[in-house]
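Chemist: could you work out the structure for the sequence below:
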Amino acid sequence: MIANWNYLLANFLALVGVGMALTASTHALLSKRDSKSAMAWIAVSIVLPFAGPVLYLVFGINRIGTAARESYQATAPIDNSEPVSRPNDGALRPLSLVGESVTGIGLRSCDSIDILENGEESYPAMLEAIESAEKKVYCSTYIFQHDGSGRKFLNAFVAAQKRGVDVRILVDGLGGIAYPPSILPALKRAGLQFARFNPIKLIPPSLHLNLRNHRKIMVVDGKAAFTGGQNIGDRHLVNLPGNSKCARDLHFRLTGKIVDELERAFLKDWNHAAGIKHPQSFEPSNENRKESPIWTRLIPDGPNDDLDKLTNLLVGAMSTARQRIWIMTPYFLPSFDLVGALVAAELRGVDVKIMLPEKTNIHLAHWAALHNLRYILDRELKVYLQPAPFIHTKAILIDDAYSLIGSANLDPRSLRLNFELVVEVFNKKFASELEHYFEGCLAEARLLDEERLQRLPAWMKIRNALAWLASPYL
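Modeler: Numbering: from 1, shown residues only. Down below sits the predicted model:
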């Protein structure tokens, strides 16, 4: 009798295992866009009929978009002023058409845009703007540290609020605590109006390591806005004595209609973090001037929208390049689509230069990038390594009049997992200024050759390859 029960139980478990394997295999077959990924998960599910489907359930199903749409419920304030699709400067086509096709967003005028290098230039400009504010100061950052620079901003925010200025501060829920000392307790003690974006909580459980708000925005009175790659903290003060972990970076001060777009992006994130379901009507502060000297397009990107929006923009823009594509980014783990666009440009005779830091502040990402660079060099793309201090700048130059600036890196975390923000800038003068910055960095950098990667010890190659396996989450 016992033998019969064992036989029935064994057959039942076998049927369950086969059912689980078939279900997981069918789901992978129908949902995966990459045939290699689908084949790998099908093989795992069949070879390990119980463990394989469980592994697929936990790691194989992409829930990022669904989770982001469920958690990010905010509505953007509507700006009814008209965008411009075809400015008088016809030379903007076809590059300007790429962003419009990908996003459905027209161009916004920009009266001026200033490059602010490192905290030495950006922090005084931002603090001066806060000190002169009369109506509102909205600030969003990934990291806000309680150090010398952080306290200056804290004091400026407090003074502005005492003058009757509407001060709102948005800090990412992970970045705000992962880089101590955190300013959050001091913001609370000072009575400032602040919110955390997707905070990390145990009860109720909310432990998202993804879906982080990596955007950097500060808007003052609707007149000026700041954005770029810099957080708030001493780490961006390159000339601070003893600052061994400093990071070089660019920030940008913008005026004109684009300021309204940055304010709307901030308010959407603020409404989400503050739980505001019915936002107040938005009153724009600027006109979209048809005779603008500079044209721009703000592109907020995040997993709650089309996951590949920023990738599609980059591939489309690179496909129009005729003279150059210069890239500067601290983290470089590009998708096959991006590599393909760069290789195609190189084959057309376009000057492709990729500028990376010699060492980054995130070891796992650095190791994975070193492994991946072998394939980049195999395709005869030129990679330049910049010596310390660590350069955190994110910028792309295409031909002589197109620039892409903002918070996004060229890695899966920025392109698929985080909330990012980039600004397209169509202007020859600004591109020339950015080119000057690139050339200064190139003068210090050295061309990476494949032999250097080949000379790495075997244990380093294995370490880098193992880190590369985690690259979809880096």
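Chemist: tell me, how many residues neighbour M460?
Modeler: Using other Cβ atoms under 10 Å, M460 has 14 neighbouring residues. Placement of C-beta: from N, CA and C, glycine included.
Chemist: give me the contacts around the host helix or strand of it.
Modeler: Here M460 sits within helix 458-469, counting by DSSP states H and E. With Cβ atoms under 8 Å, 6 or more residues apart in numbering as the test, helix 458-469 has contacts from 364-365, 367-368, 370-372, 456, 474.
Chemist: can you do 6 Å?
Modeler: 364, 367-368, 370-371 (Cβ atoms under 6 Å, 6 or more residues apart in numbering).
Chemist: next: stretch 327-340.
Modeler: Residues outside stretch 327-340 that contact it (Cβ under 6 Å, 6+ apart) are 311, 314-315, 354-357, 360, 365, 369, 372, 392-396, 409-411, 471.
Chemist: just those residues: which are in helices?
Modeler: If you go by DSSP state H, the contacts of stretch 327-340 have 311, 314-315, 365, 369, 372 in helices.
Chemist: of those, select the buried ones using a PyMOL command.
Modeler: Those of these that count as buried under 16 or more other Cβ atoms under 10 Å are selected in PyMOL with:
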select buried, resi 311+314+315+365+369+372
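Chemist: among the ones in helices among the contacts of stretch 327-340, which one lies nearest to D111?
Modeler: Nearest to D111 among those is L314, at 26.9 Å by Cβ to Cβ.
Chemist: and the gap between the closest one and I217?
Modeler: Here L314 is placed at a distance of 21 Å from I217 (Cβ to Cβ, to the nearest Å).
Chemist: what do you get for I327?
Modeler: 23 Å.
Chemist: swap in N312?
Modeler: N312 sits 23 Å away from I217, going by Cβ to Cβ.
Chemist: so which of those two has more stuff around it?
Modeler: Taking neighbours as other Cβ under 10 Å, N312 and I217 compare with I217 leading, 25 against 17.
Chemist: tell me the bridge partners for that one.
Modeler: Here I217 sits in beta bridges with S140, T227, as judged by DSSP bridges.
Chemist: isn't it right up against T141?
Modeler: No: with contact defined as Cβ atoms under 6 Å, I217 does not reach T141; the gap is 8.1 Å.
Chemist: any chance you could map the helices in the stretch 51-200 of the chain?
Modeler: All helices of the stretch 51-200 of the chain, identified by DSSP state H, counting those that start in this stretch, fall at 51-55, 64-71, 95-103, 118-131, 148-162, 175-178, 184-189.
Chemist: in a markdown table, list these along with mean pLDDT, mean neighbour count and distance to A224.
Modeler: A markdown table is the format used below for those (pLDDT from 0 to 100; neighbours: other Cβ atoms under 10 Å; distance: least, Cβ to Cβ, whole Å):
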| stretch | mean pLDDT | mean neighbour count | distance to A224 |
| --- | --- | --- | --- |
| helix 51-55 | 75 | 18 | 51 |
| helix 64-71 | 52 | 15 | 30 |
| helix 95-103 | 88 | 20 | 23 |
| helix 118-131 | 98 | 19 | 6 |
| helix 148-162 | 97 | 17 | 14 |
| helix 175-178 | 87 | 18 | 24 |
| helix 184-189 | 94 | 14 | 23 |
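Chemist: Serialize these to TSV and add fields for distance to L211.
Modeler: Formatted as TSV, the helices of the stretch 51-200 of the chain follow (distance: least, Cβ to Cβ, whole Å):
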stretch	distance to L211
helix 51-55	23
helix 64-71	5
helix 95-103	20
helix 118-131	27
helix 148-162	25
helix 175-178	12
helix 184-189	19
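Chemist: distance of the closest residue to G191 other than its chain neighbours relative to V137?
Modeler: Spatially, and ignoring its direct neighbours in sequence, G191 is nearest to Q161 (7.6 Å; Cβ to Cβ, 6 or more residues apart in numbering). Separation of Q161 from V137 (Cβ to Cβ) stands at 9 Å.
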